[in-house]
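Asker: Sequence plus predicted model, see below.
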Amino acid sequence: MSAAALAGALPEPATRVARDRAVTPRIVRGAELRGSRTVTVDACVVGSGAGGGPVAAGLAEAGLTVAVLEEGDLHGPETLTARPRDMTTGLYRDGGQLVTVGTPPIVLPLGRGIGGTTLVNSGTCFRTPAPVLARWRSEHGLEALTDDAAGALFRRVEEAIGVAQVTPELAGENAAVVRRGAQALGVSGRHLFRNARGCVGSGVCAFGCPSGAKQHAGAVFAPRAWAAGATTYTGCRAERLEVERGAVRGVQARTAAGGRLTVRARHVVVAAGALLTPLLLRANGVGTASGALGRHLTIHPASAARALLDEPIDPWRGVPQSYFVDELADDGILLEGIAGPPDQAAMATPGQGPEHRDRMLDVARTASFGVMVADTGEGRVLRLPTRPARPLVRYDLHPTDAERFRRGFELLARIFFAAGAREVLIPLSGVGVLRDGDVSPLQRARVRPRDVKAMAFHPLGTARAGADPRRSVCDPDLGVHGVRGLHVADGSVVPSSPQVNPQLTIMALATRLADHLAAEG
Ligand SMILES: Cc1cc2nc3c(=O)[nH]c(=O)nc-3n(C[C@H](O)[C@H](O)[C@H](O)COP(=O)(O)OP(=O)(O)OC[C@H]3O[C@@H](n4cnc5c(N)ncnc54)[C@H](O)[C@@H]3O)c2cc1C
Ligand code: SF4
């Protein structure tokens, strides 16, 4: 690999097949819980995604009694239709329409349900790169997270979720185009590693995997937790943390039926995700002392270019995110595949009326690929004055990152042209369509933040971990400074952008927390 920034970031393929988990879900549906109910357990976990899943499984398997509160529902493969329009409202929070306030506005979708955002994610797996871990040790005091300790955690997670490299056959033509172009130019790139078992390349990962191949948190960790006796309360939104004399005592939740569920527990782990966790902590007056709560948000902004080719691409066939280019990773720029079914392409295709129609008529010959940049700047999560509480995300793209998009797109355009593209559509105002292999409009462009059309998928850092309580919300073992028994295990605790897709990072940190709490008993 050419890029030092990604040192040690590629997973090791799982050496054994994940075990079959035909476990009966232990679920109590909040939609059927009226009135008041109180349960008493050792540990209450709020959220069941990349962070909450491993913690709940680890604690239950260590013999603790565990209750998981999840605002969303269970979505098994039998309920997943593969139709984006049906699935978006059910699997995404607010229909996936959360948009940042700032320049430019950035769509920032979140999943909701057992599995959290892993239910709708692309399955790409990277370890936290070694240089990032080194920074977390030196700048944030996460000294126990040595390369060896992190490596051992990653191996356990990778075994659990069946990480393997995508094969060329499953990668699809969309990836083959970029691979061909990258190889022609001598640019560094590889097939991605993913958590899937028996993937058939149906191309709808972002709308729930209908074949049950994706080994998301709800498919792997929830069944493990249930098998060890944990109960998941779906349709239950945690609203109050009960804290007495500096120690957490439990959680109160509102059920979908309007009831009240109280969970008494000596360990409470908040894993509601980087946009919701700060709201819950702030509403309860905890984690606020340093001023870091809700701040230091990184989102890993992303954008995608499209290329028209002469031959059929059929971008809906194959794994949508199956190949990456790390040539510019040292500068925080990663290129990763993005593709999907025609309805998704219709939403992502620019233009209106006849222009949009003509582009859609060409969609079978259109390849698309993403550019992601590691944030130079930071954003902030505030609370909208709604009931229930909703996040307001303030984020301005840093001018350095706008320039990084320009560089990423220049490399991507070269790759597309080297693969035989007729034209390349760049989503930067003032650039537009490139033809005849000419990337000079991109070279000349002075790209400002407002010129970038971006989305983002990786919110992190809003309750960051660190040894210094004046700069962090949680300690290096993820305990909220100043409150005994209260921990955070989700994207919020990640101290700075890992520069790669974060699910393995979050799962590894959550696994470490489970070990730590299990040792306490
Ligand atoms: C479309 C898409 C594609 C992505 N692709 C990838 C990828 O390929 N690889 C990768 O590494 N990452 C990917 N990600 C990001 C990754 O999935 C997330 O970073 C990760 O899931 C975040 O984990 P988390 O535990 O912080 O939160 P989540 O996984 O979002 O889990 C939080 C859970 O908490 C629940 N919750 C929130 N508030 C409450 C409350 N008050 N009470 C009860 N429950 C609550 C939510 O409903 C949710 O289920 C993608 C994201 C998206 C949107
Ligand atoms: S591409 Fe594979 S992991 Fe994605 S939805 Fe299809 S079968 Fe599932």
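Answerer: That came through fine. Ligands and ions are numbered 1, 2, ... in the order given.
Asker: where does the stretch 301-450 of the chain have low pLDDT?
Answerer: The stretch 301-450 of the chain contains no residues with pLDDT under 70.
Asker: and it, which of its residues are near ligand 2?
Answerer: Residues of the stretch 301-450 of the chain lying close to ligand 2 (Cβ under 6 Å from any ligand atom) are Val319. (Each C-beta comes from the backbone N, C-alpha and C, glycine too.)
Asker: measure the spatially most distant residue from the centre of the chain to ligand 1 for me?
Answerer: When distances to the mean C-alpha position of the chain are computed (Cα atoms, centre = their mean), the maximum falls on Asp436, with 36.6 Å. Asp436 sits 34 Å away from ligand 1 when distances are taken as Cβ to the nearest ligand atom, to the nearest Å.
Asker: what does Val325 give?
Answerer: Applying Cβ to the nearest ligand atom, the value for Val325 to ligand 1 is 16 Å.
Asker: could you point out the longest helix in this protein?
Answerer: As assigned by DSSP state H, the longest helix anywhere in the chain is helix 399-418.
Asker: Give me the buried stretch members for that helix, please.
Answerer: For helix 399-418, a neighbour-count test (16 or more other Cβ atoms under 10 Å) marks 401-418 as buried.
Asker: With just CA atoms, put it into PDB.
Answerer: Extracted in PDB, the C-alpha atoms of helix 399-418 (Å, rounded to 0.1, in the frame of the first residue of the first chain):
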ATOM      1  CA  PRO A 399     -11.800  25.700   2.800                       C
ATOM      2  CA  THR A 400      -8.900  23.200   3.000                       C
ATOM      3  CA  ASP A 401     -11.400  20.400   2.600                       C
ATOM      4  CA  ALA A 402     -13.100  22.000  -0.400                       C
ATOM      5  CA  GLU A 403      -9.700  22.000  -2.000                       C
ATOM      6  CA  ARG A 404      -9.300  18.400  -1.100                       C
ATOM      7  CA  PHE A 405     -12.500  17.600  -2.900                       C
ATOM      8  CA  ARG A 406     -11.100  19.300  -6.000                       C
ATOM      9  CA  ARG A 407      -8.000  17.100  -5.700                       C
ATOM     10  CA  GLY A 408      -9.900  14.000  -5.100                       C
ATOM     11  CA  PHE A 409     -12.200  14.700  -8.100                       C
ATOM     12  CA  GLU A 410      -9.200  15.400 -10.300                       C
ATOM     13  CA  LEU A 411      -7.700  12.000  -9.600                       C
ATOM     14  CA  LEU A 412     -11.100  10.300 -10.000                       C
ATOM     15  CA  ALA A 413     -11.700  12.100 -13.300                       C
ATOM     16  CA  ARG A 414      -8.300  10.900 -14.600                       C
ATOM     17  CA  ILE A 415      -9.100   7.400 -13.500                       C
ATOM     18  CA  PHE A 416     -12.500   7.400 -15.200                       C
ATOM     19  CA  PHE A 417     -10.900   8.800 -18.500                       C
ATOM     20  CA  ALA A 418      -8.200   6.100 -18.300                       C
END
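Asker: partners of whatever helix or strand comes next after that helix in the sheet?
Answerer: Following helix 399-418 in sequence order, the next helix or strand is strand 423-426 (DSSP states H and E). When pairing is defined by DSSP bridges, strand 423-426 lines up against strand 302-308 (antiparallel), strand 432-435 (antiparallel).
Asker: and the shortest one, which residues are buried?
Answerer: Within strand 432-435, the residues that qualify as buried by neighbour count (16+ other Cβ under 10 Å) are Leu434.
Asker: So which bits of the stretch 401-521 of the chain are right by ligand 1?
Answerer: For the stretch 401-521 of the chain, the contact set with ligand 1 under Cβ under 6 Å from any ligand atom comprises Phe457, His458, Asp490, Gly491, Asn501, Pro502, Gln503, Ile506.
Asker: Neighbour count and secondary structure for these - can I get that in JSON lines?
Answerer: As requested, those are exported to JSON lines (neighbours: other Cβ atoms under 10 Å; DSSP: H, G, I helix; E, B strand; the rest coil):
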{"residue": "Phe457", "neighbour count": "21", "secondary structure": "coil"}
{"residue": "His458", "neighbour count": "27", "secondary structure": "coil"}
{"residue": "Asp490", "neighbour count": "32", "secondary structure": "coil"}
{"residue": "Gly491", "neighbour count": "31", "secondary structure": "helix"}
{"residue": "Asn501", "neighbour count": "23", "secondary structure": "coil"}
{"residue": "Pro502", "neighbour count": "25", "secondary structure": "coil"}
{"residue": "Gln503", "neighbour count": "27", "secondary structure": "helix"}
{"residue": "Ile506", "neighbour count": "33", "secondary structure": "helix"}
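Asker: From these, pick the one nearest Gly212.
Answerer: Set against Gly212, the nearest of these by Cβ to Cβ is Gln503 (18.1 Å).
Asker: what sits against that closest one?
Answerer: Gln503 sits next to Ala50, Thr118, Asn121, Thr124, Cys125, Asn195 when contact means Cβ atoms under 8 Å, 6 or more residues apart in numbering.
Asker: can you do 6 Å?
Answerer: Applying Cβ atoms under 6 Å, 6 or more residues apart in numbering to Gln503 gives the contacts Ala50.
Asker: got it, and Ile333?
Answerer: By Cβ under 6 Å, 6+ apart, Ile333 lies in contact with Val373, Arg404, Gly408.
Asker: Closest one of these to ligand 1?
Answerer: Nearest to ligand 1 among these, counting by Cβ to the nearest ligand atom, is Val373 at 15.6 Å.
Asker: how many neighbours does the closest one have?
Answerer: By other Cβ atoms under 10 Å, the residues close to Val373 number 29.
Asker: Against Val23, how distant is the closest residue to it other than its chain neighbours?
Answerer: Nearest residue to Val373 in three dimensions, chain neighbours excluded: Arg404, at 4.3 Å (Cβ to Cβ, 6 or more residues apart in numbering). Note on Arg404: its distance to Val23, by Cβ to Cβ, to the nearest Å, is 44 Å.
Asker: and if you look at Ala272?
Answerer: Ala272 is 24 Å from Val23, where distance means Cβ to Cβ.
Asker: Neighbour count for these two, which is higher?
Answerer: Just comparing Ala272 and Val23: by other Cβ under 10 Å the higher neighbour count belongs to Ala272, 29 against 13.
Asker: ok, that one touching Val46?
Answerer: Yes: under the criterion of Cβ atoms under 6 Å, Ala272 makes contact with Val46 at 5.4 Å.
Asker: Contact partners for the closest residue to Ala206 other than its chain neighbours?
Answerer: Ranked by Cβ to Cβ, 6+ apart and with sequence neighbours excluded, the top spatial neighbour of Ala206 is Val120, at 5.4 Å. Neighbouring residues of Val120 by Cβ under 6 Å, 6+ apart: Leu91, Gly111, Ala206.
Asker: What are the neighbouring residues in contact with the second one?
Answerer: Under the criterion of Cβ under 6 Å, 6+ apart, the contact partners of Gly111 comprise Leu91, Thr117, Leu119, Val120.
Asker: ok, those vs Leu145, which is closest?
Answerer: Relative to Leu145, the closest of the contacts of Gly111 is Thr117; by Cβ to Cβ it sits at 22.9 Å.
Asker: Dump stretch 104-118 to PDB, restricted to CA.
Answerer: Written as PDB, here are the backbone C-alpha positions of stretch 104-118 (Å, rounded to 0.1, in the frame of the first residue of the first chain):
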ATOM      1  CA  PRO A 104     -22.800  23.900   2.200                       C
ATOM      2  CA  PRO A 105     -25.800  22.100   3.700                       C
ATOM      3  CA  ILE A 106     -24.900  18.400   4.000                       C
ATOM      4  CA  VAL A 107     -27.300  15.500   4.200                       C
ATOM      5  CA  LEU A 108     -26.400  13.300   7.100                       C
ATOM      6  CA  PRO A 109     -28.500  10.200   7.300                       C
ATOM      7  CA  LEU A 110     -28.800   8.000  10.400                       C
ATOM      8  CA  GLY A 111     -30.200   4.500  10.700                       C
ATOM      9  CA  ARG A 112     -32.800   3.600  13.400                       C
ATOM     10  CA  GLY A 113     -33.600   0.100  14.500                       C
ATOM     11  CA  ILE A 114     -31.900  -3.000  16.000                       C
ATOM     12  CA  GLY A 115     -28.500  -2.600  14.500                       C
ATOM     13  CA  GLY A 116     -28.600   1.200  14.400                       C
ATOM     14  CA  THR A 117     -26.900   2.700  11.400                       C
ATOM     15  CA  THR A 118     -25.100  -0.600  10.600                       C
END
